[in-house]
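S.K.: 3D model of this:
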Amino acid sequence: MQPQFELLGHEKGYWFVSQNGRLWLPNGEVPFGTAQQFGLTQKKAQSIGVWQDQPVWLVCHEMLHNMTSIRTLLDTIDQSLFLLAGRAVQLAEFYRSHKFCGYCGNEMYLSTTEWCCLCDNCHQRYYPQISPSIIVAIRDQNKILLAKHSRHNQDNLYTVLAGFVEVGETIEQAVIREVYEESQISIKNIRYVTSQPWPFPNSMMLAFMADYDYGEIKIDPNELVEANWYHYSQLPKIPGYGTVARRLIEDTIILCREYEEYGS
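M.R.: Numbering: from 1, shown residues only. Presented below is the predicted three-dimensional model:
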């Protein structure tokens, strides 16, 4: 990684200007050009990666207009650029929340060798928080369990079950616990699929597939509005492409079709 420095104006690349968990997206796009072109001269910046052979810069700064949620980029840009956008937002929030040491209250400074805030006084070091969470698609023969979460009620969006890993449990235990807590069903044949950094605000989604074992669906009303089994050909509104939830649903659809064709 590179340390922060003051922009002279000639620096060129893609610009992630972030503050308070939001990004500056003029015209709804990640701006590309020089620092001077976007009025960023003399602002502090940090190189956080490369995309399409061009540097990607983070500037922790509030712009007057076009500050918006990173969610708007989810379906509109290349996945690798979205991951860099997530890095930018999370680092900006990390720097903002770690200006002072939590142990002694001394002012912090940024490491020049890693994503880290350091304290000169008590020599503590702080790293960006990453919260592991699980997401799991559950299949019963030719059907998939989909639920409408409370936060998706207005969007009428149905997705697979998910939740955070708790202190002192394995990832697999978290999968079993979250499914049971939210739906009261038990699962088997849990297998890992993939992962996805999820900057809302700082999750690492660990994705699984599983098979239904036993139990009747009884939702946790604090988490879900409803949940049910859906035939793979008659699905409600589901998450868009680019999300790990959509990947799990698509993979489960393949297994549902195979079950109808081969009975396994």
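S.K.: ok, residues contacting the helix or strand harbouring Asp251?
M.R.: Following DSSP states H and E, one finds Asp251 within helix 244-262. With contacts defined as Cβ atoms under 8 Å, 6 or more residues apart in numbering, helix 244-262 is touched by 135-137, 139, 141-144, 146, 159-160, 162, 193-196, 198, 205, 207-209, 231-232, 235, 238-240, 264. In short, each C-beta sits where N, CA and C put it, glycine included.
S.K.: end-to-end on stretch 20-30?
M.R.: Length of stretch 20-30, first residue to last, Cα to Cα, to the nearest Å: 17 Å.
S.K.: gap between it and the chain center?
M.R.: Stretch 20-30 sits 17 Å away from the centroid of its parent chain (Cα atoms, centre = their mean, to the nearest Å).
S.K.: buried residues in it?
M.R.: Gly21, Arg22, Leu23, Trp24, Leu25, Val30 (16 or more other Cβ atoms under 10 Å).
S.K.: mind listing the helices for the chain?
M.R.: For the chain, applying DSSP state H gives helices covering 79-97, 171-183, 244-262.
S.K.: for the last one, buried residues please.
M.R.: Okay, so that is helix 244-262. Val244, Ala245, Arg246, Arg247, Leu248, Ile249, Thr252, Ile253, Leu255, Cys256, Tyr259.
S.K.: closest to Ala35 among those residues?
M.R.: Closest approach between the buried residues of helix 244-262 and Ala35, by Cβ to Cβ: Val244, at 34.2 Å.
S.K.: next one: stretch 253-263 to chain centre, how far?
M.R.: 30 Å.
S.K.: among the contacts of helix 244-262, which ones are in strands?
M.R.: 135-137, 139, 143-144, 146, 162, 193-196, 198, 205, 207-209, 231 (DSSP state E).
S.K.: if any of those residues are buried, give me the PyMOL selection for them.
M.R.: Listed next is the PyMOL selection for buried residues among these, using 16+ other Cβ under 10 Å:
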select buried, resi 135+136+137+139+143+144+146+162+193+196+198+205+207+208+209
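S.K.: just to revisit the earlier point, can you list the helices of the chain in CSV and add mean pLDDT and distance to Gln129?
M.R.: What follows is those, written out as CSV (pLDDT from 0 to 100; distance: least, Cβ to Cβ, whole Å):
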stretch, mean pLDDT, distance to Gln129
helix 79-97, 95, 7
helix 171-183, 97, 17
helix 244-262, 95, 20
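S.K.: export these to TSV and tack on distance to Pro55?
M.R.: TSV is the format used below for the helices of the chain (distance: least, Cβ to Cβ, whole Å):
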stretch	distance to Pro55
helix 79-97	11
helix 171-183	35
helix 244-262	28
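S.K.: identify whichever of the ones you listed lies nearest to Cys104.
M.R.: Using Cβ to Cβ, the nearest of these to Cys104 is helix 79-97, at 16.5 Å.
S.K.: and the closest one, what's buried?
M.R.: Those would be 81-82, 84-95, for helix 79-97 by 16+ other Cβ under 10 Å.
S.K.: which one of the residues you listed is nearest Gly49?
M.R.: Leu84 (4.9 Å).
S.K.: identify the residues contacting the closest one.
M.R.: Tyr14, Phe16, Ile48, Gly49, Trp51, Val56.
S.K.: between the buried residues of stretch 20-30, which is nearest His61?
M.R.: Closest to His61, out of all of those and judged by Cβ to Cβ, is Trp24, at 8.0 Å.
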